[in-house]
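K.L.:
This is a predicted model, with the sequence first.
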Amino acid sequence: MEVRVPDSQQFLAAARDIVDRVVTGHTAEIGRAAELVAAALRADGVVQAFGTGHSESLATEIAGRAGGLVPTNKIAVRDLVLLGGAPHETLADPKLERDPAIAHRLYELAAPHPADVFVIASNSGINGCIVEMASLVKEHGHALIAFTSLDHTRKVTPRHPSGKRLVDLADVVLDNGAPFGDSLLPLEGGGSVCAVSSITAAYLAQMLNAEVVRLLIEAGVTPPVYLSANIPGGDEHNHELENRYAGRIRRSA
């Protein structure tokens, strides 16, 4: 098969096909995930969102953004330094996300409450830190929603000593639809370009957000939703809501 030189229109066409499959094929899974999140919020829990590498963008999509839920906390590997006192050089290790041991410290720094629900994102779903965090989440009785690529995770060997993947531990799995290796357009001579997992994960995250808000409203609960800090009254509105979860949600970089 002839490999075409990549261009923007090829990417748009390929990405559109995947987005269409993802947003139309997850109604049941989004519904189950929304029920877990809504139940957690009604029990005074918060959403703990975690991802490493580029999957951190999913946690950022969920935690602390305009139009999103206030009771959300982003867990990031750099918390080891910013909150845990580890030396800055710790973050220089390019394989840090493969270390299961750091998950224990990150969980400890997050200090989750029993009612908290976790959202963990990993395109491959196999790295040690991700799988260990998922294991800790389940050991402590939290609900767990996973964002991952089923195509990719099924084709690679887990790096966690248990031999498990993120999908093996999750209560609900949301498949971002990304192909093996994530990028869409093949290159002559091997390899490919233009990743899609962050795009589809963002769609899934906002679909989840909408369903959670619907469930809260139907239950007679006013959804605790952020306004943009760049509109009049936004800061005041947000700070009032954030104060309800003081010490439980962080808005660090």
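P.N.:
It's in.
K.L.:
What count of nearby residues applies to the closest residue to Val225 other than its chain neighbours?
P.N.:
Closest residue to Val225 in three dimensions, ignoring its sequence neighbours and counting by Cβ to Cβ, 6 or more residues apart in numbering: Leu69, at 6.3 Å. In short, each C-beta sits where N, CA and C put it, glycine included. Burial measure for Leu69: 24 neighbouring residues, criterion other Cβ atoms under 10 Å.
K.L.:
Tell me how far Leu69 lies from Ala178.
P.N.:
Noted for Leu69: a distance of 25 Å to Ala178, by Cβ to Cβ, to the nearest Å.
K.L.:
per-residue pLDDT, the residue nearest to Val225?
P.N.:
Among the per-residue scores, Leu69 holds a pLDDT of 98.
K.L.:
my read: it touches Gly45, true?
P.N.:
No - here Leu69 does not reach Gly45: they are 11.2 Å apart, not a contact under Cβ atoms under 8 Å.
K.L.:
Quick check: which helices or strands does the lengthiest helix in the chain pack against?
P.N.:
Scanning the chain for the helix with the most residues, using DSSP state H, yields helix 197-218. Using 3 or more Cβ pairs under 8 Å, 6 or more residues apart in numbering; DSSP states H and E as the contact criterion, the neighbours of helix 197-218 among helices and strands are helix 8-24, helix 27-42, helix 56-62, strand 143-148, strand 172-175.
K.L.:
repeat that for 6 Å
P.N.:
Helices and strands touching helix 197-218, by 3 or more Cβ pairs under 6 Å, 6 or more residues apart in numbering; DSSP states H and E, are helix 8-24, helix 27-42, helix 56-62.
K.L.:
now could you export just the CA positions of the helix or strand just after it as CSV?
P.N.:
From helix 197-218 onward toward the C-terminus, using DSSP states H and E, the following helix or strand is helix 234-242. Included here for helix 234-242 are C-alpha records, laid out as CSV according to Å, rounded to 0.1, in the frame of the first residue of the first chain:
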residue,chain,number,x,y,z
GLY,A,234,-15.7,34.5,38.5
ASP,A,235,-13.1,34.6,41.2
GLU,A,236,-15.6,35.3,43.9
HIS,A,237,-17.9,32.5,42.8
ASN,A,238,-15.0,30.0,42.5
HIS,A,239,-13.4,30.9,45.8
GLU,A,240,-16.7,30.4,47.6
LEU,A,241,-17.1,26.9,46.2
GLU,A,242,-13.4,26.0,46.7
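K.L.:
Need the contact partners of helix 234-242.
P.N.:
In this structure, residues lying in contact with helix 234-242 by Cβ atoms under 6 Å, 6 or more residues apart in numbering are 70, 224, 226-229.
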